[in-house]
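J.: Return atomic coordinates for the entry below.
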Amino acid sequence: PKPTRVIDDTATVIVEPTFGTHRPEEDAIFAYAEGYKLSYYMMFLETLTASGFRGDVVLAIAEQRIVREDVVDYLNTYTQGDPEKPAVV
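T.: Below you'll find the model as predicted:
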């Protein structure tokens, strides 16, 4: 089935965003991004921003406790609701 099809009323979401909140009305880009240095995250998100993308960016990462602090700080700058940036979820 299509992912937008509701299965039934008993379905439960078991995965919640670590950063930000998904905006259902926005397009989303999904990427696996575990174990990179800050410069890789910056290149990815700055390129998306420069392209004009303003939807959600869903990054599959490790548990937040093992992500470098500088990366967490940077990703949090993309959760502040800035209309000139994509939103990291």
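J.: so when I look at Val58, I'm seeing a helix, right?
T.: No - assessed with DSSP: H, G, I helix; E, B strand; the rest coil, Val58 is strand; it does not lie in a helix.
J.: just the helices in the chain please.
T.: Taking DSSP state H as the test, the helices found in the chain are 38-51, 69-76.
J.: Mean pLDDT lowest where, among those helices?
T.: For the helices of the chain, mean pLDDT drops lowest on helix 69-76, to a mean of 91.
J.: I'd say Asp56 and Ile29 touch.
T.: Yes - at 7.4 Å, Asp56 and Ile29 qualify as touching, with contact defined as CB atoms under 8 Å. Every residue, glycine included, has its C-beta placed from N, CA and C.
J.: Tell me who's in contact with Gly55.
T.: Shown in contact with Gly55 (CB atoms under 8 Å, 6 or more residues apart in numbering): 23, 26-29, 86-87.
J.: Looking at Asp56 and Ile29, which has the bigger crowd around it?
T.: Asp56 (22 against 13; other CB atoms under 10 Å).
J.: Please report how far that one lies from Ser39.
T.: 22 Å (CB to CB, to the nearest Å).
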